[in-house]
Structure formats: structure tokens, C-alpha cells
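Participant: give me the fold of what follows.
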Amino acid sequence: MDTFKIGVVIPCYKVKQHIISIIEKIPSNINNIYIIDDACPESSGSFVKTNITDTRISIIQHKKNKGVGGAVISGYKRALSDDCDIIVKLDGDGQMDPYLIPKLIQPIVDKQADYTKGNRFFSLESLTSMPTIRKLGNAALSFVNKVTSGYWNIMDPTNGFTAIHKNALSILPLEKINAGYFFESDMLFRLGTIRAVVMDVPMQAKYGEEESNLNINTTIKSFPKLYCQAFFKRIFYSYFLRDFNRASLELLLAIIFILFGSLWGGIHWLHSIQLMKEASTGTVMLAVLPIILGFQMLLDAINFDTGNMPKVPLQKWDLGN
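Facilitator: Okay, the predicted model is just below:
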């Protein structure tokens with residue numbers, strides 16, 4: 001681990017009461033600490049500069065608030081320019097224990113993964129401190145994220161405790177990644193498009209008096225659209241643009257069969273109502289059989305997709321870094 005240059009990115013917005021204790025807990029083998037003051041009304045950057053003398057710290061000041069994703073991206077860019085090998089993202093609200101950083105980055109150090117993230121759902125004991133509404137919300141988002149990102153082995157997609165290898169980060173389209181609270185989910189989608197290996201790391205979250213800046217109403221309105229966009233882009237990129245395989249053919253045939261069966265059945269059903277006459281057995285079968293075959297092909301395509309996750313880390317390839 002000592003052969004890797006490690007940077008920690010901490011986006012700061014209304015976290016003044018926690019930030020000092022978090023920085024003090026960051027292990028000594030971390031090379032760089034990037035504090036991103038995202039136009040914080042509490043002037044987090046100035047507060048850190050005044051109260052901490054750690055030479056590893058760099059303050060990045062945003063004149064306008066860019067959102068948590070925009071803050072992290074600023075930190076990522078600085079870390080890449082400083083030639084960090086592994087970049088950790090750590091929230092400044094005190095919910096994540098900096099002592100877990102070595103555990104978080106170990107799969108990357110061992111060349112087993114390109115991107116690791118915390119998973120608060122690993123054990124039942126770790127869920128006892130999580131508010132019920134967060135359990136339900138995260139469980140639902142986890143399933144949706146599996147479908148949209150293609151990482152069927154990942155839980156707790158909104159977990160902000162993450163680490164990434166520079167090989168994967170350097171080829172991600174950082175300017176296209178969502179700058180708001182959809183950032184973590186969009187990261188998984190983008191990582192899927194470059195075939196990066198992602199791994200969960202068990203952790204426990206701490207819930208105290210911190211206040212979330214997440215607007216629930218905004219999330220409910222914006223997330224469904226963003227997830228739908230990510231899903232259709234992933235299917236197109238993975239099964240029609242970059243590759244054409246068994247699942248690609250099954251998806252096409254499934255759509256054709258289901259649409260044909262539905263249209264045929266619908267038209268003849270309306271025709272039967274108008275004539276007050278039952279449709280023939282052949283007419284019914286001609287509607288039902290394509291729909292059944294279409295769903296069977298769709299299920300097999302889903303089965304293929306669940307086993308089509310990236311398996312070889314990008315860091316094992318020479319990407320010119």
C-alpha cells in the first residue's frame with residue numbers, strides 16, 4: 001500500500017462542526033487531502049485553513065455551489081493532476097469513519113477492483129442504526145441501480161464512501177457525470193460503460209445530529225427520469241453499439257414478438273367486441289404465443305445480463321497512465 005500515492009477528496013457544505021475531527025482521523029499514509037469548499041455558507045475551506053496545519057491539505061474553493069458531484073469532480077481532477085494512484089471520496093458529515101480507508105482501498109491495491117464503495121447492508125447488525133426510511137429507500141434504489149448500471153452484485157448505491165483507481169478515473173467522462181445527488185448512481189452507470197470492476201466493502205454508518213442537504217421532493221421528481229435515461233443508454237452501449245451477442249438478439253426478438261402479440265390481440269379483441277362474436281382459437285393463439293415467447297427471450301436476456309458484469313480490472317491494462 002505504501003507504493004501507492006493516495007488522495008482523499010472531501011466535499012464540504014454545511015459540515016463545519018464535523019470536518020476537523022474527520023481530517024484528524026485520516027491515516028498518516030494518505031498523501032493528499034483535498035477539501036472542496038462548495039460555496040459553503042459556513043466557509044468550511046477558510047475554517048480548515050485556520051484550524052489545521054496538516055501539510056497534506058489542499059483547499060479548493062468554489063465561487064458558486066456546484067453540488068456534491070461537482071465538488072467531488074473538482075477534487076478528482078486535482079488528484080489526477082497530482083498523479084494520485086487511488087482517490088478516496090469521503091463525506092464531511094461524520095457518517096463515515098476515516099479509519100476504514102485502508103479496508104476500502106485494499107481490493108484496489110490487490111488489483112481485484114477499479115472502484116470500491118461502502119455497503120451498509122452487508123450485515124443485519126450494521127442496519128440497526130440506520131433510520132427505517134433510509135433502509136426502505138436504499139433497498140429500493142439498490143434494485144433500480146442494479147438494473148440501470150448492470151452491477152447486479154452491488155448494494156447501497158447512494159453510499160458516498162468510495163475509492164477509485166486512476167486508470168478508471170482517467171477515462172471517465174467527468175464533465176458528463178451528474179453534479180447533484182445522483183452523482184453516486186451516475187458514477188456506477190459510467191463505470192459500467194468503461195467495463196470497470198466494482199466491489200462492495202462492508203462498513204457501518206454513523207447517524208448522529210448531522211442534517212442532510214438532500215431535498216426529497218427534488219429527488220423523487222428527478223431520479224426516475226435519470227435512471228430511465230441511464231438504463232436505455234446502458235442497453236444500447238452494451239448490447240448494440242459495443243457488442244452484439246445472444247442477449248442483443250433476444251432483446252430485439254422479445255420486443256418484436258411482444259409488440260406483435262399485443263397489437264394482434266388488441267385489434268382482434270376490439271373487432272370481437274364490435275361484432276359481438278368470440279375470436280377463434282387460432283386468433284387467440286396467434287396473439288398469446290408471441291407474447292409468451294417474447295417474455296421467455298426477455299428473461300433469458302436478463303439472465304445473460306446478470307452474468308455479464310466486468311471481471312478484469314482496468315488497472316491490469318496499460319492505459320497510458
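Participant: flag the shaky bits of the stretch 201-321 of the chain, pLDDT-wise.
Facilitator: The stretch 201-321 of the chain contains residues with pLDDT under 70 at 205-219, 318-321.
Participant: all helices for it, in order.
Facilitator: Here the stretch 201-321 of the chain has its helices, by DSSP state H, counting those that start in this stretch, at 216-236, 246-275, 281-306.
Participant: again, but for the stretch 1-150 of the chain
Facilitator: Counting by DSSP H, counting those that start in this stretch, the helices of the stretch 1-150 of the chain are 16-25, 44-51, 67-81, 101-109, 124-127, 132-149.
Participant: which is the next helix or strand following the longest one?
Facilitator: Tracing the chain past helix 132-149, the next element assigned as helix or strand by DSSP states H and E is strand 162-165.
Participant: picking up where we left off before, the helices of the stretch 201-321 of the chain: which one's closest to W317?
Facilitator: In terms of C-beta to C-beta, the element of the helices of the stretch 201-321 of the chain nearest to W317 is helix 216-236, at 21.6 Å. For the C-beta atoms, the positions are set from N, CA and C on the backbone; glycine is no exception.
Participant: alpha carbons of that closest one, as CSV, please.
Facilitator: Taking Å, rounded to 0.1, in the frame of the first residue of the first chain, the C-alpha atoms of helix 216-236 are listed here in CSV:
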residue,chain,number,x,y,z
ILE,A,216,-36.6,14.6,-1.0
ASN,A,217,-39.1,16.3,-3.4
THR,A,218,-36.4,17.1,-5.9
THR,A,219,-35.1,13.5,-5.7
ILE,A,220,-38.5,12.0,-6.3
LYS,A,221,-39.0,14.2,-9.3
SER,A,222,-35.6,13.9,-11.0
PHE,A,223,-34.3,10.4,-10.1
PRO,A,224,-36.8,8.3,-12.1
LYS,A,225,-36.0,10.2,-15.3
LEU,A,226,-32.3,9.9,-14.8
TYR,A,227,-32.5,6.2,-14.0
CYS,A,228,-34.5,5.6,-17.2
GLN,A,229,-32.0,7.5,-19.3
ALA,A,230,-29.1,5.6,-17.8
PHE,A,231,-30.9,2.2,-18.3
PHE,A,232,-31.6,2.8,-22.0
LYS,A,233,-28.1,4.2,-22.6
ARG,A,234,-26.5,1.1,-21.0
ILE,A,235,-28.5,-1.3,-23.0
PHE,A,236,-27.7,0.5,-26.2
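Participant: hang on, the earlier thing: which one of the helices of the stretch 1-150 of the chain lies nearest to N31?
Facilitator: helix 67-81 (9.7 Å).
Participant: what residues sit buried inside the closest one?
Facilitator: Under the neighbour-count criterion of 16 or more other C-beta atoms under 10 Å, helix 67-81 has 67-80 buried.
Participant: what's the spacing between Q229 and W152?
Facilitator: Remark: distance between Q229 and W152 (C-beta to C-beta, to the nearest Å) = 20 Å.
Participant: can you lay out the buried residues of helix 67-81 as CSV showing pLDDT and distance to A163?
Facilitator: Shown next, in CSV, are the buried residues of helix 67-81 (pLDDT from 0 to 100; distance: C-beta to C-beta, whole Å):
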residue, pLDDT, distance to A163
G67, 92, 21
V68, 92, 17
G69, 94, 17
G70, 96, 19
A71, 96, 17
V72, 97, 12
I73, 97, 16
S74, 97, 17
G75, 97, 13
Y76, 98, 12
K77, 97, 17
R78, 97, 16
A79, 97, 11
L80, 97, 14
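Participant: let me know the distance separating M187 from L174.
Facilitator: Shown here: M187 relative to L174, a distance of 10 Å by C-beta to C-beta.
Participant: that older thread, got CSV for the helices of the stretch 201-321 of the chain, with distance to N178 and mean neighbour count too?
Facilitator: As requested, the helices of the stretch 201-321 of the chain are exported to CSV (distance: least, C-beta to C-beta, whole Å; neighbours: other C-beta atoms under 10 Å):
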stretch, distance to N178, mean neighbour count
helix 216-236, 7, 14
helix 246-275, 26, 15
helix 281-306, 23, 15
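Participant: take these and write them to TSV, including distance to R120.
Facilitator: Formatted as TSV, these follow (distance: least, C-beta to C-beta, whole Å):
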stretch	distance to R120
helix 216-236	18
helix 246-275	32
helix 281-306	23
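Participant: many thanks, have a good one.
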